[in-house]
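Visitor: Below is the structure, and that's it, no one-letter string:
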Ligand code: DX5
Ligand code: ZN
């Protein structure tokens, strides 16, 4: 699969979300960070905002749920219009059941791992998923520095996906920029979330194109 760039609206102006979503027309997906002040020490937005965003843009929404009890809430994000819903495996009570429910409702299902969470215990879950998200910073805030210590886990996850013969996307999120994207791609990632590197740029749409080019190198 060609590299995908998913701008994160966490770094956008929340008072102008519709315009900010349209500023990255041409992006593959729009990454929407949902935080609940419990799973992470920050609070962003919920189902009503996702519903409005889904109406405001043609770019499909990639919802990253950094919340407790995703088993209860994740299905509502599919109903709100998300094309992909990612839950944190550290927070999910029944990840297989949850992934199946997300898929049954018509969205892609993804599992996220914090930097200190190993992939090996979750190997058996891979066939239930459409994507794995390896966090490359501690979840909670945009603009943090990329953690190189996550690179071996990206490689390892790509290896496991290959060993099972699966067609899973491998997403990285946190500190992805022109300076770090090639390292991630080389380790096996093919979906790249970028917040500050896109919305902090003078021309966000151009930043998306240039990140996509760098990921191909
Ligand atoms: C952080 C979020 C990220 C964040 C990335 O917890 O999950 O999606 O927006 O921001 P940057 O690209 O600035 O690190
Ligand atoms: Zn995210």
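Guide: All right, it came through fine. None of the values given here were measured: they were computed from a predicted structure. Ligands and ions are numbered 1, 2, ... in the order given.
Visitor: Nearest to ligand 1: which residue in this protein?
Guide: Distances from the chain to ligand 1, computed as CB to the nearest ligand atom, single out residue 195 as the nearest residue at 2.9 Å. (Each C-beta comes from the backbone N, C-alpha and C, glycine too.)
Visitor: what's around that residue, how many residues?
Guide: Taking other CB atoms under 10 Å as the neighbour definition, residue 195 ends up with a count of 25.
Visitor: ditto for residue 13
Guide: By the criterion of other CB under 10 Å, residue 13 has 11 neighbours.
Visitor: so what's it up against?
Guide: Contact partners of residue 13, counting by CB atoms under 8 Å, 6 or more residues apart in numbering, are residue 20.
Visitor: what's the answer for residue 5, then?
Guide: Under the contact definition (CB under 8 Å, 6+ apart), the residues listed for residue 5 are 27-28, 192, 194, 198, 208, 211-212, 215.
Visitor: Now the phi/psi pair for it, please.
Guide: Here is the backbone geometry of residue 5 (degrees, to the nearest 10): phi -120, psi 120.
Visitor: Going by neighbour count, list what's buried in stretch 10-26.
Guide: 10-12, 17, 20-24 (16 or more other CB atoms under 10 Å).
Visitor: scratch that, stretch 45-55
Guide: Judged by neighbour count (16+ other CB under 10 Å), stretch 45-55 contains these buried residues: 45-47, 49-51, 53-54.
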